[in-house]
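Student: here you go, sequence then predicted model.
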There are 2 protein chains.
Amino acid sequence: MMTRARKGDRPPTIIDVAREASVGVMTVSRVLNHHPSVKASTRAKVMSAIARVGYVQNDAARMLKGRRSRTIALIVPDLTDFFASCFHAVQEVAMRHDYQTMVVATGRSAALESQQLEAIANHQVAGLILVPSGEDTPRLQHLLDRDIPVVALDRPLAGLNIDAVLVDNREGAETGVRHLIDHGHTRIACVGFEGSSYTARERFEGYKQAMRSAGLRPLVFNQVNTLADMEALIQRWAHAKERPTAVFSVKRLASIRLVQALHRQKLRVPQDIAVVGFDDFELAEELGTPLTVVAQSATEIARAAAEQLFQQITSAPHAEQPARQAVKMIFPTHLIVRRSCGCAGEEAGAVS
Amino acid sequence: MMTRARKGDRPPTIIDVAREASVGVMTVSRVLNHHPSVKASTRAKVMSAIARVGYVQNDAARMLKGRRSRTIALIVPDLTDFFASCFHAVQEVAMRHDYQTMVVATGRSAALESQQLEAIANHQVAGLILVPSGEDTPRLQHLLDRDIPVVALDRPLAGLNIDAVLVDNREGAETGVRHLIDHGHTRIACVGFEGSSYTARERFEGYKQAMRSAGLRPLVFNQVNTLADMEALIQRWAHAKERPTAVFSVKRLASIRLVQALHRQKLRVPQDIAVVGFDDFELAEELGTPLTVVAQSATEIARAAAEQLFQQITSAPHAEQPARQAVKMIFPTHLIVRRSCGCAGEEAGAVS
DNA sequence: TGGCGCAAGTATAACGTTATTCTTTCACAA
DNA sequence: TTGTGAAAGAATAACGTTATACTTGCGCCA
């Protein structure tokens, strides 16, 4: 196998394969593109010739003819923790299909996202998995017009008929907060909501819903971005008449800052204040008091998104079925009860 | 600007630009490829036309003609923490040069690395930044033969004349261990060395060197991969006559496991045992006792690697200078003194 | 045996860019 | 005026693949 180097030292072309198999060039092309009108015996002859000369399709030439390259793109805000796991899952699926993965981190800049979308479109990628930061509908529409499959991950794309794979943020948050309520807490604060991010907003809604349906008043504290902010907030609570007995944090960074701040202010978790956070992280178990969290599986949703993308990619050739309805997949979260919520939980996994 | 859509709805080609600027096709091509024989006024005319019609070069066609695509590849073992930071730095540099970044995570599988190297080569990437897992010299040589610039990151490539950007692991480890020695420790254990990874090996050597030059006997414990292993090890120490008073951990995961294990065994840090780890991480400050670490800057080395790569890429056209000697850049580490080493680190924070 | 249809061959023209080889134009000095 | 050389146009041929429009062979049924 892989004899390589026929003439000169250029990689072998489809012509070399045709000669080797004693067939026409078009027959080889037909085999490569899975045309139905090729006899099995001929296909076998061609495949063996391909293996013998070590032929690989030239993506550049295919792209020039308007075909897609064997590359999918993944656009994420960054590659920390959650999205790094997403990437690994996506790449694993892509490799199984013999595709490359091109990653772009937009740094949460909508402008950069637009610009990169443009570059991606030019790149003739076979498909795109997008964690939307901004909402550049026209630019995305441009991709859709070109029939490039797109799947939204983690956040939906409003107004466009695009497949989406999401986490049930609202329900997850509700479960987390209800867990605190069930343990007798009535003054439960919510931190980390900035209004900017879809996921944070959803979780915030879940929090409010849980509070309201228990007849409790929501206590919302936003604009706590730095550790100093968080410490100041906690100090304010210390002098308040009715200070919160529990806190729900809507995102990982807020959870971390919260834990740090409580630690510095010498407040014990959960005795002085109970904590439940959204999103699990490495070391959540080792922080002074192991943290109870609402966990979501990056691997799970990313894999689902990738599978969905490849389903679109491989079914695309049919063409002209009249505008398929977009699929929405919503994955549940899991409450991981550790010690910060006050109950003696070791590792019980309750589902939403 | 970006008027788009000249004829049909295809993206504009070099021909459209030529027509718009009232010049010949070749003149446009010459402008795009920075040929010296173009008058400044003509260049300006062409550039303005390019902007007006919203032209972008078609990578596929350029690649077909043997030119490289505007994409660089980054091959890493995974995208957790350190390498995620590397990616961000690399991408930032790439974007400044108007290049895309293609990432491949090999999962530390040498076979996968080889396979992906092959795909990369076929992809006509403009350059490659590689964190080598295996040492697939023939496959790499294949890239080098094609004059594709390659820079090794974090680990060197033995036997090949390839630029490398590294961290001074040995010196860093030595500094960390010497810090413990300077504080009076004599029985300092070393954990986390598995023999497989270059960086761990180097740090291990640094540890040994520090111990030897202080006249101390190295205490090495490898094969402690899981938390259970680590706990067992610590229990063994508890019953030993001469138990270590300090531990040096050669890698992040080992540091974390170590801290967890000590915590579970109710050993106080640094009173019962002092700890210094190689590699900083988010939350190192919040773990029961803030951890003293030897820190390396992923951003710094990755940016340097990317800059070096683009220097190669942009200087390549000169051609045929007789085998440039490879550059090796070695970056220093920084000792971040917190509280786990026993001396009064700057950071305030209560012990668990 | 004539016609029908399927598998598969040939030939040719794209796709957008660059390289090559000629011309042409134009300014400027001899 | 004529020669010189630089700037730039025009024409054409690649690069490897695919699409189109044929043609050719072959077996099969009427």
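Tutor: Perfect, thanks for sending it.

Student: how about stretch A:297-309 and chain B, touching?
Tutor: No - applying C-beta under 8 Å from any C-beta of the partner chain, one finds stretch A:297-309 separated from chain B by no less than 11.8 Å. From N, CA and C alone the C-beta is placed, and that goes for glycine too.

Student: surely residue A:54 touches residue A:16?
Tutor: No - counting by C-beta atoms under 8 Å, residue A:54 sits too far from residue A:16 to count as a contact (9.5 Å).

Student: of these two, which one has the most company?
Tutor: residue A:16 (20 against 16; other C-beta atoms under 10 Å in any protein chain shown).

Student: secondary structure class for that one?
Tutor: Secondary structure assignment for residue A:16 (DSSP: H, G, I helix; E, B strand; the rest coil): helix.

Student: return the per-residue confidence for it.
Tutor: Listed pLDDT for residue A:16 reads 91.

Student: just checking, it touches residue A:53?
Tutor: Yes - Residue A:16 is within contact range of residue A:53, at 5.3 Å (criterion: C-beta under 8 Å).

Student: ok, residue A:28 - contacts?
Tutor: With contact set as C-beta atoms under 8 Å, 6 or more residues apart in numbering or on different chains, residue A:28 has these partners: A:14, A:17, A:18, A:21, A:46, A:49, A:50.

Student: can you put these in TSV and add distance to DNA strand D and neighbour count?
Tutor: Listed next are those as TSV, based on distance: C-beta to the nearest atom of the strand, whole Å; neighbours: other C-beta atoms under 10 Å in any protein chain shown:
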residue	distance to DNA strand D	neighbour count
A:14	3	18
A:17	8	26
A:18	9	18
A:21	13	21
A:46	12	24
A:49	13	21
A:50	10	21
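
Student: give me the subset of the residues you listed touching chain B.
Tutor: Of the contacts of residue A:28, not one also sits near chain B (C-beta under 8 Å from any C-beta).

Student: adding distance to DNA strand C, write the residues you listed out as CSV.
Tutor: Compiled in CSV, these are given as follows (distance: C-beta to the nearest atom of the strand, whole Å):
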residue, distance to DNA strand C
A:14, 11
A:17, 11
A:18, 7
A:21, 8
A:46, 8
A:49, 11
A:50, 14
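
Student: list just the nearest of those to residue A:61.
Tutor: Among these, residue A:14 lies closest to residue A:61 (C-beta to C-beta), at 8.9 Å.

Student: these two touch, right, that closest one and residue A:25?
Tutor: Yes - counting by C-beta under 8 Å, residue A:14 does reach residue A:25; the two are 5.9 Å apart.

Student: pLDDT weak spots in the stretch 201-350 of chain A?
Tutor: A:316-323, A:344-350 (pLDDT under 70).

Student: so which residues on it come close to chain B?
Tutor: Going by C-beta under 8 Å from any C-beta, the residues of the stretch 201-350 of chain A near chain B are A:256, A:259, A:260, A:263, A:264, A:266, A:282, A:283, A:285, A:286, A:287, A:288.

Student: contacting residues around the second one?
Tutor: With contacts defined as C-beta under 8 Å, 6+ apart, residue A:259 is in contact with A:269, A:275, A:287, A:288, A:289, A:291, B:286.

Student: mind checking the SS state of the nearest residue to the fifth one once chain neighbours are set aside?
Tutor: The one in question is residue A:289. With sequence-adjacent residues excluded and distances taken as C-beta to C-beta, 6 or more residues apart in numbering or on different chains, residue A:289 is closest to residue A:269, at 4.2 Å. Following three-state DSSP, residue A:269 is assigned to coil.
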